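Peer 1: Can you look at this prediction? I've put the sequence above it.
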Amino acid sequence: MTHPDAIASTLVAQNPSLAMRLVGAVLSRRARRKEGTPADLAADRRLLRRLASLARAPRGVKLTEEVIAGVPVLRASSGARARGTVLYLHGGAYMAGSARDGANAAHLSADGGPDLVSVEYRLAPEHPYPAAVEDALAVYRELVRAPGPDRLVVVGESAGGGLALVLLQKAREEGLPMPAAVVPVFPWVDLSPSGANTTANIGRDMLTRSHLLEAAGWYAGGRDLRDPGLSPLFGSFRDFPRTYVPVGRHDLLLDDVRRLVARMRAEDVPVVLDEWPGTIHGFLQVPSAERRQCRRRVRAFAHEALPAVTLAAGAECS
């Protein structure tokens with residue numbers, strides 16, 4: 001098996017693609033117009049539902065709705081469940097998005113890859129903290145039991161990336177084992193937010209700082225935004241598994257992600273950080289060279305973390 005840090009040797013493209021530059025320019029202009037205005041929750045939810053409805057699983061991957069530990073999930077499978085499972089947590093600032101967003105991550109299940117289980121966690125403001133954590137943790141408990149922690153990888157995007165880290169902090173507190181790996185993709189790890197780039201990248205990113213603060217307030221329900229249950233940056237990463245963190249250089253969350261990686265390294269977590277030049281928050285949703293390359297890296301990291309599966313007569317599938 002390749003060393004888990006070997007993925008770091010693949011160079012990230014130094015210049016953003018034309019597609020990324022064009023989409024980034026349009027979305028950042030939109031964010032500048034919205035900065036300081038009230039968030040439109042209904043419109044945000046409609047937009048994410050529309051985008052999720054357009055997502056299609058790769059050929060050979062079947063999507064099915066299930067319930068695990070009382071929590072609705074969407075399972076993506078190519079029929080190789082013995083390979084393991086990816087627990088996927090969608091983004092949407094804890095107030096939008098759905099398990100259907102997992103269809104965009106179903107490439108992890110293609111070509112005999114592990115099943116992907118996307119969690120339909122409850123959303124704020126109707127269901128503030130700790131509802132999302134409780135739902136994710138309930139599913140995690142079941143997946144740790146079967147297929148087991150050594151065949152489990154946790155992946156989350158944006159708010160889902162922050163939720164993935166809180167999930168593992170809570171799991172450790174319960175005495176549950178860690179998964180084989182965790183991949184927080186451009187994670188929201190500080191809801192306060194105190195990182196320099198939450199100001200410096202205003203106008204360069206698709207995120208709107210004022211809307212993030214509003215969403216954080218809905219989710220927190222009156223709690224201190226620096227509470228580690230909300231902002232995993234301020235918690236401990238002791239005994240965390242190998243970690244891969246991709247983020248864009250134009251992302252409002254960039255500085256917070258850098259602080260996250262520094263904290264993890266200080267606690268001896270094997271972590272790989274990829275910063276993608278010229279890319280915005282959520283760039284995995286932009287059809288581009290960056291999306292294709294980052295998807296390959298996430299897939300390689302997740303697959304390398306999972307053990308080979310013995311088929312028959314000594315044959316192995318990795």
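Peer 2: Looks like it came in fine. Because the structure is a prediction, the values reported are computed rather than measured.

Peer 1: C-alpha only now, for contacts and for neighbours.
Peer 2: Noted.

Peer 1: what's near enough to touch Ile68?
Peer 2: Applying CA atoms under 8 Å, 6 or more residues apart in numbering to Ile68 gives the contacts Ala138, Val139, Glu142.

Peer 1: do Gly97 as well
Peer 2: Applying CA under 8 Å, 6+ apart to Gly97 gives the contacts Arg45, Leu48, Arg49, His90, Gly91.

Peer 1: So it versus Thr85, what's the distance?
Peer 2: 21 Å (CA to CA, to the nearest Å).

Peer 1: Same check on Val271?
Peer 2: Taking CA to CA as the measure, Val271 falls 21 Å from Thr85.

Peer 1: Looking at those two, which is more packed in?
Peer 2: Taking other CA atoms under 10 Å, Val271 and Thr85 do not tie; Thr85 has more neighbours (31 against 21).

Peer 1: What's opposite the more buried one in the beta bridge?
Peer 2: Going by DSSP bridges, Thr85 is paired in beta bridges with Asp115, Leu152.

Peer 1: Quickly note the distance from it to Pro184.
Peer 2: Thr85 sits at a distance of 16 Å from Pro184 (criterion: CA to CA).

Peer 1: do the same with Pro38
Peer 2: 28 Å.

Peer 1: Pull the contacting residues for the spatially closest residue to Pro38 that is not a sequence neighbour.
Peer 2: Closest residue to Pro38 apart from its sequence neighbours, by CA to CA, 6 or more residues apart in numbering: His211 at 7.0 Å. Remark: with contacts taken as CA under 8 Å, 6+ apart, His211 is in contact with Glu35, Gly36, Thr37, Pro38, Ala39.

Peer 1: Cys294 in helix, strand or coil?
Peer 2: Of the three states, Cys294 takes helix under DSSP: H, G, I helix; E, B strand; the rest coil.

Peer 1: Show me what stretch 86-93 is in contact with.
Peer 2: 48, 97-99, 101-102, 114-119, 136, 140, 152-161, 163-164, 212, 215-216.

Peer 1: In contact with Leu108, which residues are there?
Peer 2: So Leu108 contacts Pro114, Asp115, Leu116, Arg299 (CA under 8 Å, 6+ apart).

Peer 1: pretty sure the first one is touching Arg81, no?
Peer 2: Going back to what we said before, that points to Pro114. Yes. Pro114 is within contact range of Arg81, at 5.8 Å (criterion: CA atoms under 8 Å).

Peer 1: of the two, who's got more company?
Peer 2: Neighbour totals were compared for Pro114 and Arg81, and Pro114 leads with 28 against 17 (other CA under 10 Å).

Peer 1: Tell me both backbone torsions, phi and psi, for that one.
Peer 2: Note on Pro114: its backbone torsions stand at phi -70, psi 160 [degrees, to the nearest 10].

Peer 1: Next one: it from Ala105, what distance?
Peer 2: As for Pro114, its distance to Ala105 is 12 Å (criterion: CA to CA).

Peer 1: if we can go back for a sec, is it possible to get TSV of the contacts of His211 that adds distance to Ala146?
Peer 2: Below are the contacts of His211 laid out as TSV (distance: CA to CA, whole Å):
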residue	distance to Ala146
Glu35	45
Gly36	46
Thr37	46
Pro38	44
Ala39	40
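
Peer 1: Can you add neighbour count, pLDDT and distance to Arg21 and give the residues you listed back as TSV?
Peer 2: What follows is the contacts of His211, written out as TSV (neighbours: other CA atoms under 10 Å; pLDDT from 0 to 100; distance: CA to CA, whole Å):
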residue	neighbour count	pLDDT	distance to Arg21
Glu35	16	92	21
Gly36	12	93	24
Thr37	10	95	25
Pro38	10	95	27
Ala39	17	94	25
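
Peer 1: Helices along the stretch 151-300 of the chain, start to end?
Peer 2: Applying DSSP state H, counting those that start in this stretch to the stretch 151-300 of the chain gives helices spanning 159-174, 197-200, 209-220, 254-266, 289-305.

Peer 1: I'd like the average pLDDT over the second one.
Peer 2: Per-residue confidence for helix 197-200 averages out to 67 on the pLDDT scale.

Peer 1: which among the contacts of Leu108 gets closest to Arg249?
Peer 2: Of all those, Arg249 sits closest to Arg299, with 21.3 Å by CA to CA.

Peer 1: Cross-check the contact I'm expecting between Pro179 and Ala146.
Peer 2: No. Between Pro179 and Ala146 there is no contact under CA under 8 Å: 11.8 Å.

Peer 1: Between those two, point out the one with more neighbours.
Peer 2: Neighbour totals were compared for Pro179 and Ala146, and Pro179 leads with 24 against 14 (other CA under 10 Å).

Peer 1: for that one, what are its contacts?
Peer 2: Each residue near Pro179 by CA under 8 Å, 6+ apart is listed here: Val144, Pro149, Asp150, Arg151, Leu152, Val153, Val154, Pro241.

Peer 1: How about the contacts made by the fourth one?
Peer 2: For Arg151, the contacting residues are Arg83, Gly84, Thr85, Pro179, Ala180, Leu306, Pro307, taking CA under 8 Å, 6+ apart as the criterion.
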